[in-house]
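Student: here is a sequence with its predicted model. Questions after.
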Amino acid sequence: MERRPNIVLINCDDLGYGDLGCYGSELNATPALDRLAAQGARLTDFMMASPVCSPSRGALLTGCYPPRIGFGSFDGLPVLFPGQAVGLDPGEVSIGRLLSDAGYATLMVGKWHCGDQSEFLPTNHGFDRYFGLPYSNDMGRQSGTPTTDTGEQRGYPPLPLLDDDEVIEQQPDQTSLTGRYVTEVLRFVREHRDRPFFVYLAHLYVHLPIYVQERFARQARNGRYGAAVESIDWAAEVIFAELERLGLADDTLVVFTSDNGALDRADGGSNRPLRGSKGSTWEGGMRVPCIARWPGRIEAGRVVDELATSMDLFATFAALAGAEVPPDREIDGRDLSAMLLDDGASPHESFAYWWMDDLCAVRSGRWKLHLARHGEQHEELYDLVDDLGESHDVAAAHPEVVQRLRDVAEGWRRRLGDARLGVEGAEVRRLGRVAEPRTLTTYDPDHPYYAAEYDLPDRG
Ligand code: MG
């Protein structure tokens, strides 16, 4: 049997559509990622299933729209916070579980954000090994935390750094984390060079607050934001060089992407030429960079402008690894291998945009119909081919397209729900829940933290 490919999936945090050189950035130097795109395929219509972290990551990992796995909202909140009782149900099959069951060695490094109770952690979702932050890097003790009327801090417990499911540090030096993440990846790749492996590296960059190493701060022309982007590029270069050195580059599919668009108030982030930002169902919130390289299998230098989604990685990796997609449940993602390896068309008739549990827009082909924003109805039609920036509502000129997309929306609504209209989805599975949740850390004034309180007040 032909050797199955190793898979390295790199996911960034809040990196915008226009933040890489190969996607048009003139501010950030990203030579390693530009080369990756030149050696593989650059996707222009790649969608995350949510404009914020937890639902985006849950969808990517399970191949399912967030509402299908109960990830539309988390006891009323848009993402998971430290010590919540809910997370990715242990009965869900993540890419880690899928590939582990298929005989892959599996590593996750970096931001998980699918639940911090032990039942929900990566090591209970098919990853042999985990090293990283279980949630966002602004969910630790940080200056500028609002206090209550009685002067009590309303902040989070110390930021935990996990090794498997053990807290090995609290309030770690964020400046050093990317280097430590890379070290973990290199170690794992060397150890498992003789069998198929799956590495999921989820950077803490470019989520706020941004702590960067001196070298990147000095060389970047786009402030701390640019330095973080260039750190991501450096990390990619180191990992690619090691794959090359070990003779594994041709046997490894590398996919690079981001969990949602750049924040509108982040200094230096760009979703150009898209409208909107993190947290919105305009394209800028959910359309992200995606580069896929597999030398000899994916034609070098391709630009793929077919609709594809993060949920498709599940089915695609399954196909390439010879793993069976779980037959006992509905999966929204589709196998992209024909599209990536053979110039095939998009496997999707339509794509749905949810904010929390509200169905906010649907896309089919070139057309996107907005239905609602911030809980209010807004019916607008945009032509994403002629008007990628969603600036000219053409609903009045195309009533038949509007009607067709209303029908598409109704189908999604029936299946996965629409909280704004009080519709419960018929196919929604349950969110994982534990009876007695605990935070991973508690503040101790006598503990020798690297920083008892991070000094940058930025949150995102
Ligand atoms: Mg994010």
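Tutor: Thanks, I have the structure now. Residues are numbered from 1 along each chain as shown.
Student: quickly check: the biggest helix by length in the chain near the ion or not.
Tutor: The residue-count maximum for a helix in the chain (DSSP state H) belongs to helix 223-245. No - Helix 223-245 stays clear of the ion (C-beta under 5 Å from the ion), getting no nearer than 12.9 Å. Just so you know, the C-beta spots here come from the backbone N, C-alpha and C atoms, and that holds for glycine as well.
Student: which non-adjacent residue is nearest Thr439?
Tutor: Gly83 (3.7 Å; C-beta to C-beta, 6 or more residues apart in numbering).
Student: next one: Phe71
Tutor: Gly58 (4.0 Å).
Student: which of the helices or strands spans the one you found?
Tutor: Using DSSP states H and E, Gly58 sits within helix 53-62.
Student: partners of the next helix or strand after that helix in the sheet?
Tutor: Using DSSP H and E, the helix or strand that follows helix 53-62 in sequence is strand 86-87. Sheet pairing of strand 86-87 (DSSP bridges) gives strand 432-433 (antiparallel).
Student: the partner strand: how far from the chain's middle?
Tutor: Relative to its parent chain, strand 432-433 has a centroid offset of 21 Å by C-alpha atoms, centre = their mean, to the nearest Å.
Student: distance of the one residue in the stretch 201-350 of the chain that gets nearest to the ion relative to Tyr104?
Tutor: Residue of the stretch 201-350 of the chain nearest the ion, by C-beta to the ion: Asp259 (4.1 Å). When distance is defined by C-beta to C-beta, to the nearest Å, Asp259 is 22 Å away from Tyr104.
Student: which of these two has more neighbours?
Tutor: A direct count of neighbours by other C-beta atoms under 10 Å for Asp259 and Tyr104 places Asp259 higher, at 29 against 25.
Student: part of a strand, is Ile168?
Tutor: Yes - under the criterion used here (DSSP: H, G, I helix; E, B strand; the rest coil), Ile168 sits inside a strand.
Student: contacting residues around the residue nearest to the spatial centre of the chain?
Tutor: Nearest to the mean C-alpha position of the chain, by C-alpha atoms, centre = their mean, lies Asp259 at 2.6 Å. Asp259 makes contact with 11-14, 48, 53, 56-57, 60, 202, 288 under the criterion C-beta atoms under 8 Å, 6 or more residues apart in numbering.
Student: determine how far the last residue of stretch 200-207 lies from the first.
Tutor: 18 Å (C-alpha to C-alpha, to the nearest Å).
Student: helix, strand or coil for the spatially closest residue to Arg224 that is not a sequence neighbour?
Tutor: Nearest residue to Arg224, sequence neighbours excluded (C-beta to C-beta, 6+ apart): Ile210, at 4.3 Å. With three-state DSSP as the basis, Ile210 sits in coil.
Student: is it correct that Glu237 is in contact with Asp34?
Tutor: No - when contacts are counted by C-beta atoms under 8 Å, Glu237 is not listed as touching Asp34 (10.9 Å).
Student: list the contacts of stretch 298-305.
Tutor: 37-45, 253, 292, 339-341, 343.
Student: can you pull the buried residues of it?
Tutor: The neighbour-count check on stretch 298-305 (16 or more other C-beta atoms under 10 Å) flags 298, 304 as buried.
Student: could you do stretch 255-262 as well?
Tutor: 255-262.
Student: averaged pLDDT, that stretch. What do you get?
Tutor: For stretch 255-262, mean pLDDT rounds to 98.
Student: one more: stretch 232-246?
Tutor: pLDDT averaged over stretch 232-246 gives 98.
Student: which positions in that stretch come out as buried?
Tutor: For stretch 232-246, by 16+ other C-beta under 10 Å, it's 232-237, 239-240, 242-243.
Student: what do you get for stretch 164-182?
Tutor: Those would be 169-172, 174-175, 177-178, 180-182, for stretch 164-182 by 16+ other C-beta under 10 Å.
Student: what about it, how long is it end to end?
Tutor: Note: stretch 164-182 ends 16 Å apart using C-alpha to C-alpha.
Student: next one: stretch 450-460
Tutor: End to end - C-alpha to C-alpha - stretch 450-460 spans 22 Å.
Student: check whether that stretch contacts the ion.
Tutor: No - under the criterion of C-beta under 5 Å from the ion, the ion is not reached by stretch 450-460; the shortest gap measures 8.1 Å.
Student: which non-adjacent residue is nearest Leu341?
Tutor: Arg297 (5.6 Å).
Student: what about the stretch 101-250 of the chain, any weak spots by pLDDT?
Tutor: 146-154 (pLDDT under 70).
Student: can you give me the helices in it?
Tutor: Using DSSP state H, counting those that start in this stretch, the helices of the stretch 101-250 of the chain run over 174-191, 214-219, 223-245.
Student: and for the stretch 301-450 of the chain?
Tutor: 312-321, 337-342, 399-416.
Student: for Pro66, which of those is the nearest?
Tutor: Pro66 lies closest to helix 399-416 among those, at 8.7 Å (C-beta to C-beta).
Student: how many neighbouring residues does the residue nearest to Thr439 have?
Tutor: With other C-beta under 10 Å as criterion, Gly83 counts 15.
Student: surely it meets Pro160?
Tutor: No - when contacts are counted by C-beta under 8 Å, Gly83 is not listed as touching Pro160 (10.9 Å).
Student: which residues are in contact with both of the two?
Tutor: Common neighbours of Gly83 and Pro160 (C-beta under 8 Å, 6+ apart) are 116, 440.
Student: neighbours of the closest residue to Ser270 other than its chain neighbours, how many?
Tutor: Excluding the flanking residues, the one nearest Ser270 by C-beta to C-beta, 6+ apart is Gly18, at 3.7 Å. By other C-beta under 10 Å, 21 other residues sit near Gly18.
Student: next: Arg190.
Tutor: Neighbour tally, Arg190, other C-beta under 10 Å: 12.
Student: show me what contacts it?
Tutor: Per C-beta under 8 Å, 6+ apart, neighbours of Arg190: 242, 246.
Student: switch the cut-off to 7 Å
Tutor: Leu246 (C-beta atoms under 7 Å, 6 or more residues apart in numbering).
Student: ditto for the one 10 residues further on
Tutor: Going by C-beta under 7 Å, 6+ apart, Tyr200 touches 9, 96, 108.
Student: beta partners for it?
Tutor: Leu9, Met108.
Student: poorly predicted segments of the stretch 351-460 of the chain, please.
Tutor: Looking at the stretch 351-460 of the chain by pLDDT under 70, you get an empty list.
Student: got the residues of the stretch 1-150 of the chain near the ion?
Tutor: Residues of the stretch 1-150 of the chain lying near the ion (C-beta under 5 Å from the ion): 13-14, 53.
Student: I misspoke; the intended subject was the stretch 151-300 of the chain.
Tutor: Residues of the stretch 151-300 of the chain lying near the ion (C-beta under 5 Å from the ion): 259-260.
Student: go ahead and confirm Val238 touches Glu184.
Tutor: No - counting by C-beta atoms under 7 Å, Val238 stays clear of Glu184, with 11.9 Å between them.
Student: how's this protein carved up into domains?
Tutor: Per automatic domain parsing, the structural domains of the chain span 6-342, 351-427.
Student: many thanks, have a good one.
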